[in-house]
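J.: Show me the folded form of this:
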Amino acid sequence: MTINKKILEIKDLYASVQGKNILNGLNLSIKQGEIHALMGKNGSGKSTLAKVIAGHPYYEIKKGQIIMNEEDITNEEPDIRSHKGIFLGFQYPIEIPGVSNIDFLRLAYNSKQKVIQEKELDPLSFFDLINKKLDQINMNNLFLDRYVNEGFSGGEKKKNEILQMFVLNKKLSILDEIDSGLDMDALKSIANNIKSFSNNENAVLLITHYQRLIDYVMPNYVHVMDQGKIIYTGDQSTAAYIEKYGYNYIKQN
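T.: Below you'll find the predicted structure:
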């Protein structure tokens with residue numbers, strides 16, 4: 001019998017920004033092969049949690065631990081956390097004028113390869129790799145020569161985050177509202193990409209407001225956040241109850 005190892009464990013985490021407490025004793029455990037979804041009202045701390053896990057310097061951890069692959073990364077710098085296997089797909093991906101997608105991705109990929117002492121790729125070899133990834137997610141290779149996210153539509157930016165996730169292939173991918181602003185076809189495509197990316201060696205944490213993404217992805221667990229901590233954990237049916245009755249139904253039950 002295969003026992004899936006814990007990729008991420010968060011213990012009694014408290015975090016603040018500019019003196020305001022945002023996370024208040026949060027606990028979360030994610031194993032290999034699992035997809036978790038995180039829901040909650042605006043201001044409940046969902047995006048803060050994503051940024052705290054990734055090591056955003058704007059947030060101060062007051063108490064608790066973040067453990068990644070049995071290593072305590074609570075006080076590690078963002079680049080160290082990335083090298084240890086964390087990928088964060090942003091809710092609002094930034095534009096990087098003057099830097100092409102293919103150059104950005106090759107530098108990021110080779111940086112990871114260097115840290116894990118694996119072979120770095122020259123431009124031609126990387127071009128072969130990136131085209132295979134583009135085929136996997138059904139993305140046009142014209143994106144490669146465009147500057148990172150510059151002039152991209154909302155849907156194109158989200159697709160670009162998915163491409164980065166596939167290329168960097170981290171142990172834990174956190175996708176912060178990857179479904180926001182997508183039409184139905186784009187949403188289905190993104191959901192299919194997430195499912196095809198997920199395997200027994202990695203894990204995915206989705207942050208979302210909407211039942212429809214959960215219906216398509218079918219995560220193993222759905223967590224509900226309120227006032228900086230997880231107050232309920234259920235399966236994908238949890239999203240349907242929230243859609244029908246609202247978050248107060250969860251708090252009352």
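J.: right, and Glu25 touches Lys11 too?
T.: Quick fix: residue 25 reads Gly, not Glu. No. Using C-beta atoms under 8 Å as the test, Gly25 is too far from Lys11 to be in contact (9.5 Å). Where C-beta positions appear, they are placed from N, C-alpha and C, glycine not excepted.
J.: joint contacts of those two?
T.: Common neighbours of Gly25 and Lys11, using C-beta atoms under 8 Å, 6 or more residues apart in numbering, are Gly64.
J.: So which residues make contact with stretch 21-32?
T.: 4-16, 36, 45, 48-49, 52, 59, 62, 64, 172, 200-203, 205, 223, 225, 227-230.
J.: same thing with stretch 33-43?
T.: 4, 28, 30, 46, 49, 194, 198-209, 213-214, 217-226, 230, 236, 238-239, 242, 247.
J.: what does stretch 110-128 give?
T.: By C-beta under 8 Å, 6+ apart, stretch 110-128 touches Ser82, His83, Ile102, Leu105, Arg106, Tyr109, Leu129, Leu168.
J.: Out of those, which sit inside helices?
T.: Ser82, His83, Ile102, Leu105, Arg106, Tyr109, Leu129, Leu168 (DSSP state H).
J.: on that earlier part again, hmm, which of the contacts of stretch 33-43 are the buried ones?
T.: Neighbour counting over the contacts of stretch 33-43 (16 or more other C-beta atoms under 10 Å) leaves 28, 30, 46, 49, 194, 198, 202-208, 213-214, 217, 219-226, 230, 236, 238-239, 242, 247 as the buried ones.
J.: tell me the contacts of the residue positioned nearest the centre of the chain?
T.: Centroid-nearest residue in the chain: Ile174, 1.3 Å away (criterion: C-alpha atoms, centre = their mean). Counting by C-beta under 8 Å, 6+ apart, Ile174 touches Ala50, Ile53, Ala54, Ile86, Phe87, Leu88, Gly89, Val204, Leu205, Ile207.
J.: Out of the residues you listed, list just those in strands.
T.: Ile86, Phe87, Leu88, Gly89, Val204, Leu205, Ile207 (DSSP state E).
J.: Reformat those residues as a markdown table; add distance to Asn160 and pLDDT.
T.: As requested, the ones in strands among the contacts of Ile174 are exported to a markdown table (distance: C-beta to C-beta, whole Å; pLDDT from 0 to 100):
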| residue | distance to Asn160 | pLDDT |
| --- | --- | --- |
| Ile86 | 18 | 97 |
| Phe87 | 13 | 96 |
| Leu88 | 14 | 95 |
| Gly89 | 9 | 93 |
| Val204 | 17 | 98 |
| Leu205 | 19 | 98 |
| Ile207 | 18 | 96 |
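J.: Tabulate these (a markdown table), appending distance to Glu70.
T.: A markdown table is the format used below for the ones in strands among the contacts of Ile174 (distance: C-beta to C-beta, whole Å):
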| residue | distance to Glu70 |
| --- | --- |
| Ile86 | 14 |
| Phe87 | 19 |
| Leu88 | 21 |
| Gly89 | 24 |
| Val204 | 20 |
| Leu205 | 18 |
| Ile207 | 24 |
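J.: ok, so what distance separates Lys119 from Lys112?
T.: 12 Å (C-beta to C-beta, to the nearest Å).
J.: same deal with Lys11?
T.: 27 Å.
J.: one step back: and the pLDDT for the residue nearest to the centre of the chain?
T.: For Ile174, the pLDDT comes out at 98.
J.: my hunch is that it is in a strand, does that hold up?
T.: Yes. The assignment for Ile174 by DSSP: H, G, I helix; E, B strand; the rest coil puts it in a strand.
J.: For the stretch 101-250 of the chain, which residues score under the pLDDT cut-off?
T.: Counting by pLDDT under 70, the stretch 101-250 of the chain shows no low-confidence range.
J.: All the helices of it, residue numbers only.
T.: Secondary structure of the stretch 101-250 of the chain (DSSP state H, counting those that start in this stretch): helices at 101-115, 123-137, 154-168, 184-197, 211-217, 237-245, 247-252.
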